[in-house]
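> sequence first, predicted model second:
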Amino acid sequence: LPTEGPKTLSGLILENVQTIPETNVGVIVGNYRIETVLIKDNVIKIAKIEKIDTLDENDEDKE
């Protein structure tokens, strides 16, 4: 995850969606998928982070 910019996970999500989400949202930041799980009173309470495996050109040639 980036070390520049927002200092909290909530801040990183808000920077990417550019609004306070009313329902759960998902964003991709670098090699990570971040999904909100619980939003209450305009605050992201719980989020799930999953590392995404990325294919490079060499991996595609192997398939």
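Everything's here; your move.
> need the strands for this protein, in chain order.
With strands called from DSSP state E, the chain shows them at 26-29, 32-40, 43-51.
> now those strands in TSV, with distance to residue 11 and mean neighbour count?
(Each C-beta comes from the backbone N, C-alpha and C, glycine too.) Converted to TSV, the strands of the chain look like this (distance: least, CB to CB, whole Å; neighbours: other CB atoms under 10 Å):
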stretch	distance to residue 11	mean neighbour count
strand 26-29	12	15
strand 32-40	12	14
strand 43-51	9	13
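> output those in JSON lines; the columns should cover distance to residue 4 and mean pLDDT.
Below are the strands of the chain laid out as JSON lines (distance: least, CB to CB, whole Å; pLDDT from 0 to 100):
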{"stretch": "strand 26-29", "distance to residue 4": "12", "mean pLDDT": "91"}
{"stretch": "strand 32-40", "distance to residue 4": "15", "mean pLDDT": "92"}
{"stretch": "strand 43-51", "distance to residue 4": "18", "mean pLDDT": "92"}
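> dump those strands to a markdown table, plus distance to residue 6.
Shown next, in a markdown table, are the strands of the chain (distance: least, CB to CB, whole Å):
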| stretch | distance to residue 6 |
| --- | --- |
| strand 26-29 | 10 |
| strand 32-40 | 12 |
| strand 43-51 | 12 |
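> and residue 18, which of these is closest to it?
Among the strands of the chain, strand 26-29 comes nearest to residue 18, with 10.4 Å by CB to CB.
> now do that closest one: distance to the chain's middle.
Remark: strand 26-29 is offset 3 Å from the chain centroid, using CA atoms, centre = their mean, to the nearest Å.
> then stretch 7-18?
Its chain's average C-alpha position is 8 Å from that of stretch 7-18, according to CA atoms, centre = their mean.
> contacting residues around that stretch?
1-2, 5-6, 20-21, 25, 27, 29, 34, 36, 43-44, 47, 49 (CB atoms under 8 Å, 6 or more residues apart in numbering).
> which residue is nearest the middle of this structure?
residue 34 (2.8 Å; CA atoms, centre = their mean).
> what sits against that residue?
By CB under 8 Å, 6+ apart, the residues touching residue 34 are 9, 12-13, 26-28, 47-50.
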